[in-house]
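**Q** One predicted model, sequence on top.
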Amino acid sequence: MGRGPAPRPCAFSQAAQSYWAGAAEVFADVDSPIALAFIQRYPTPEAASKLGPKRMAAFCAQHAYSGRRSADELLQRLRQAACASCGELEMDAKGELAMSLARALNTVINQIRLLSSRIEHNVAACDDGPILMSFPRAGRICAAQILAELGSVRERFDSDEHLAAEAGVAPVTYASGKHKAVTFRWACNHRLRTAVTCLADNSRHASTWAAAVYARARSRGCDHPHAVRILARAWLRVIWRAWTDRKPYDPALHSGLQTMLKTAGG
């Protein structure tokens, strides 16, 4: 957690789904090292036709699988997935294509990992880095994304409302005749909105206050994206104050959290 949004190999996943859906679904993330290794080892359904629990267990052990699912469970996911009907030549061609894409994607992912490591180092060394990293589940990548959009000129945002509008998490009202609708601002800094909502979504698993704000929004009938934007708006009030005062997040000074704790304690 705490990492910012990363590119997803959607085209690769769709290509695998078109003829070898099991390889794309057996592991949680198709871009994980073990998933890419699996596709290179078993590029077609025929290649995995004799794969049993012992071979699957050995493959997982070889590639340091986390072990959240047993070999039998992984095989069940593999076999329950749909399998397209292809001719032998077409299947072989698609298998070669899948292996080539997996090797190319593996190279890209390694470069992303290297770049992420450099970002993590640089944001920690930045003057304002520790401020953003102090928030629950902000991590370093997500903190770096927010900091990149905030900049270092405090006068740029004269209030938390200004910052919320820039991030696209401030509600706006549209009225025409008798019709009136309240929605979120879409003409905004989309990179900042993505990073702030990522932090908000992560924080609800680590902060009792964030979880409560999210739960209240859901209880009012908000769907998940709407509730996350509401939570992001709430966090921006705190982020703006910490960034303006040049001080890391301090739960003892967070009035919303303290009020909630007093209410729960009383």
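**A** Looks like it arrived, so ask away.

**Q** Please count neighbours and contacts with C-alpha atoms only from this point.
**A** OK.

**Q** Secondary structure element holding the closest residue to residue 23 other than its chain neighbours?
**A** Closest residue in space to residue 23, ignoring its immediate chain neighbours: residue 39 at 6.1 Å, by CA to CA, 6 or more residues apart in numbering. Using DSSP states H and E, residue 39 maps to helix 33-41.

**Q** how far off helix 33-41 does the following helix or strand past that helix point, in degrees?
**A** The helix or strand immediately downstream of helix 33-41 is helix 53-62, counting by DSSP H and E. Relative orientation of helix 53-62 and helix 33-41, computed by axes from the mean of the first three to the mean of the last three CA atoms, to 10 degrees: 130 degrees.

**Q** in helix 53-62, what counts as buried?
**A** Going by neighbour count (16 or more other CA atoms under 10 Å), the buried part of helix 53-62 is 56, 57, 59, 60.

**Q** next one: stretch 204-224
**A** For stretch 204-224, using 16+ other CA under 10 Å, the buried residues are 204, 207, 209, 210, 211, 213, 214, 215, 217, 218.

**Q** Now render the residues you listed as TSV, adding distance to residue 102.
**A** Formatted as TSV, the buried residues of stretch 204-224 follow (distance: CA to CA, whole Å):
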residue	distance to residue 102
204	34
207	38
209	42
210	38
211	38
213	41
214	38
215	40
217	41
218	39
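
**Q** what's the most distant pair in those residues?
**A** 207 and 218 (16.5 Å; CA to CA).

**Q** Can you list phi and psi of residue 171 for me?
**A** Main-chain torsions, residue 171, degrees, to the nearest 10: phi -70, psi 140.

**Q** Was I right to think it contacts residue 185?
**A** Yes - judged on CA atoms under 8 Å, residue 171 makes contact with residue 185 at a distance of 6.4 Å.

**Q** give me the number of residues near the residue nearest to residue 23?
**A** Applying other CA atoms under 10 Å, we find 25 residues neighbouring residue 39.

**Q** show me what contacts it?
**A** Residues near residue 39 by CA atoms under 8 Å, 6 or more residues apart in numbering: 23, 98, 99, 102.

**Q** Residue ranges in the protein under the pLDDT threshold?
**A** 1-19, 82-84, 174, 180, 182, 265-266 (pLDDT under 70).

**Q** what's the angle between the longest helix along it and helix 33-41?
**A** Longest helix in the chain by number of residues, with DSSP state H as the criterion: helix 88-125. Here helix 88-125 runs at an angle of 160 degrees relative to helix 33-41 (the same axes, to 10 degrees).

**Q** For helix 88-125, buried residues please.
**A** For helix 88-125, by 16+ other CA under 10 Å, it's 91, 94-95, 97-99, 101-103, 105-106, 109, 116, 119-120, 123-124.

**Q** tell me the domain ranges of the chain?
**A** 10-121, 129-265 (automatic domain parsing).

**Q** State the distance from the residue of the chain positioned farthest from its centre to residue 146.
**A** Computed with CA atoms, centre = their mean, the residue of the chain farthest from its C-alpha average is residue 177, at 40.2 Å. Distance of residue 177 to residue 146, computed by CA to CA, to the nearest Å: 39 Å.

**Q** Equivalent analysis for residue 236, please.
**A** Residue 236 is 11 Å from residue 146, where distance means CA to CA.

**Q** Name the residues contacting each of those two.
**A** Counting by CA under 8 Å, 6+ apart, the residues touching both residue 236 and residue 146 are residue 196.

**Q** Chain neighbours aside, what residue packs nearest to residue 29?
**A** residue 35 (7.0 Å).

**Q** what number of residues lie near that neighbour?
**A** Counted with other CA under 10 Å, residues neighbouring residue 35 total 21.

**Q** which ones are touching it?
**A** Contacts for residue 35 (CA under 8 Å, 6+ apart) come out as 23, 24, 26, 27, 29.

**Q** wait, the fourth one sits on residue 74?
**A** This means residue 27. Yes - the pair residue 27 / residue 74 is scored as a contact, 7.4 Å apart, by CA under 8 Å.

**Q** Good, wrapping up.
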